[in-house]
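Chemist: based on what follows, work out the 3D shape:
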Amino acid sequence: DRHRPGQIPTETWRRFVVYNAEAAIRDLGVADGPGGQFSLVVDRSSSGVRNQDPALAIAVLPALVQHYPGLLGEVIVAPVNGVFWAVWRVVSLFLGAETRRFTFIRGARWREALLEAVGGDVELPEHMRPAGDGV
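Modeler: Numbering: from 1, shown residues only. Okay, the predicted model is just below:
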């Protein structure tokens, strides 16, 4: 499903993201182990011109860093395109340096690059896996 800016209030999105981070920490132990950090994968596989939402990014990303200053490792964004880069240049002006721990993945082989970035022990959703990766 595509995100439609304004369809769901920004505060609801923020609560959704924080709730899922809390559930992953509590139930899955994602912040356990060396370093005690978790990473966030932003799925942009259905993103286009009409569903760019810089206000959502400005609202959600700082909240994550504020609530989880030592727990949020990196944010992996995939796949990105030219439209994303134009929006990101504007959004990044509003984010503090601590919220800029991002890895951007683009290109025709973005699925392979994403799998390499998250590591082999992470099970990605089917639409984000490389072709032939029958996890």
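
Chemist: in the longest helix belonging to the chain, what's buried?
Modeler: Identified as the longest helix of the chain according to DSSP state H is helix 10-28. Across helix 10-28, burial judged by 16 or more other C-beta atoms under 10 Å covers 13-14, 17-18, 21, 25. Placement of C-beta: from N, CA and C, glycine included.

Chemist: please state the offset of the helix or strand bottoming out on mean pLDDT in the chain from the chain centre?
Modeler: In the chain, no helix or strand scores lower on mean pLDDT, DSSP states H and E than helix 54-67, which sits at a mean of 76. Put simply, helix 54-67 sits 11 Å off its chain's centre (C-alpha atoms, centre = their mean, to the nearest Å).

Chemist: please apply the same query to stretch 108-122.
Modeler: Averaged C-alpha coordinates place stretch 108-122 at 14 Å from its chain's average position (C-alpha atoms, centre = their mean).

Chemist: got a list of what the residue nearest to Leu71 when sequence neighbours are not counted touches?
Modeler: Leaving aside its chain neighbours, Leu71 sits nearest to Ala31 (4.9 Å; criterion: C-beta to C-beta, 6 or more residues apart in numbering). By C-beta atoms under 8 Å, 6 or more residues apart in numbering, Ala31 lies in contact with 25, 37-38, 71.

Chemist: then the helix or strand Phe84 falls within to CSV, C-alphas only?
Modeler: Assessed by DSSP states H and E, Phe84 sits inside helix 82-91. Presented in CSV, the C-alpha positions along helix 82-91 are these (Å, rounded to 0.1, in the frame of the first residue of the first chain):
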residue,chain,number,x,y,z
GLY,A,82,15.8,11.5,-7.6
VAL,A,83,12.5,12.7,-6.1
PHE,A,84,13.6,11.4,-2.7
TRP,A,85,17.0,13.2,-2.9
ALA,A,86,15.2,16.5,-3.7
VAL,A,87,12.9,16.1,-0.7
TRP,A,88,15.7,14.9,1.5
ARG,A,89,17.8,18.0,0.9
VAL,A,90,15.0,20.1,2.3
VAL,A,91,14.2,17.8,5.2
